[in-house]
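[1] Whatever this is, show me its structure:
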Amino acid sequence: MNLKYEKIPIKLKGSIFTTLVLYLNSNKINIINYFLKQEIKKSPEFFKNAPIIINLSLLPKYSNWNEIQELIISYGLKIIGIVGCHDFYLKNIIQKSGLPIFSNTKNLVEKKKKNSKKKFYKSIFYENTIHSGQTIYSKKSDLIIINNVNEGAELISDGNIHVYGKLCGRALAGAHGDRTRRIFCTNLCSELLSISGEYCLMDAIPKKIFNKSAQVIYKNGMVKIKKL
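    Residues are numbered from 1 along each chain as shown. Purely as a prediction, here's the structure:
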């Protein structure tokens with residue numbers, strides 16, 4: 001085939017995307033089942049068919065992976081990979097199940113911590129509505145939306161996020177590890193809010209702040225929502 005004048009039909013590009021990570025520190029099926037059920041009950045539509053990565057760094061040895069995998073899948077979650085698996089025997093079982101095992105992310109975490117000390121002095125502005133399915137990423141800058149953010153839309157910023165409108169979609173600030181970053185909004189009803197990888201769902205928004213002006217911060221190991 002002469003490809004000289006053919007348009008290349010595919011292209012591979014790097015991208016920024018977010019995936020939930022489930023940390024397992026117990027191999028007792030009844031305990032995993034109980035807490036998983038409680039978490040999913042908070043926002044069943046959000047977790048429906050959600051892609052998820054499993055972190056096994058704290059999982060005890062001699063765990064029944066097949067049983068654990070079946071339980072997680074039974075809740076409709078889509079396992080796309082494994083991290084933190086240091087048990088050679090367990091690795092073989094997981095690989096036989098067809099799931100990829102991602103490499104150690106320790107260096108990446110250290111790099112994020114270094115990057116978190118950097119200050120950002122610029123901002124990216126969007127004046128149009130951010131529609132469902134759109135992902136907006138602001139690299140090394142704050143992100144300012146002067147309009148509404150619809151359900152199913154996603155905002156990702158290395159810096160702070162400001163929404164001068166209704167925030168219904170997801171908002172993830174401090175994407176490269178800076179926990180001092182914040183989210184500011186004039187009308188908060190977001191599906192998911194995240195600061196540097198720590199997140200909370202819509203049900204965590206206090207009723208007195210829902211659909212009101214608010215700021216989202218990271219404090220004492222948790223994402224907290226305060227009146228603005």
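[2] Can you tell me the SS state at N66?
    Under the three-state scheme (DSSP: H, G, I helix; E, B strand; the rest coil), N66 adopts helix.
[3] Tell me which stretches of this structure form helices.
    Here the chain has its helices, by DSSP state H, at 29-42, 44-47, 65-74, 88-96, 106-115.
[4] between those helices, which one is nearest to C200?
    Nearest of the helices of the chain to C200, taken as CB to CB: helix 29-42 at 9.6 Å. In short, each C-beta sits where N, CA and C put it, glycine included.
[5] which residues touch that closest one?
    For helix 29-42, contacts defined as CB atoms under 8 Å, 6 or more residues apart in numbering pick out L24, S26, F47, N64, E67, I68, L71, I72, Y75, L201, D203.
[6] Send over it as PDB, restricted to the C-alpha atoms.
    What follows is helix 29-42, C-alpha atoms only, in PDB (Å, rounded to 0.1, in the frame of the first residue of the first chain):
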ATOM      1  CA  ILE A  29     -14.600 -10.100  51.700                       C
ATOM      2  CA  ASN A  30     -17.400  -9.200  54.100                       C
ATOM      3  CA  ILE A  31     -15.600  -6.100  55.300                       C
ATOM      4  CA  ILE A  32     -14.700  -4.900  51.800                       C
ATOM      5  CA  ASN A  33     -18.300  -5.600  50.700                       C
ATOM      6  CA  TYR A  34     -19.800  -3.600  53.600                       C
ATOM      7  CA  PHE A  35     -17.700  -0.500  53.100                       C
ATOM      8  CA  LEU A  36     -17.900  -0.600  49.300                       C
ATOM      9  CA  LYS A  37     -21.600  -0.800  49.500                       C
ATOM     10  CA  GLN A  38     -21.700   2.200  51.900                       C
ATOM     11  CA  GLU A  39     -19.500   4.300  49.600                       C
ATOM     12  CA  ILE A  40     -21.400   3.500  46.400                       C
ATOM     13  CA  LYS A  41     -24.800   4.100  48.100                       C
ATOM     14  CA  LYS A  42     -23.700   7.800  48.500                       C
END
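[7] mean confidence for it?
    Here helix 29-42 scores 90 as its mean pLDDT.
[8] Also stretch 103-120?
    Stretch 103-120 comes out at a mean pLDDT of 52.
[9] What of stretch 171-181?
    90.
[10] Next, the distance between the ends of it.
    By CA to CA, to the nearest Å, the extent of stretch 171-181 from end to end equals 12 Å.
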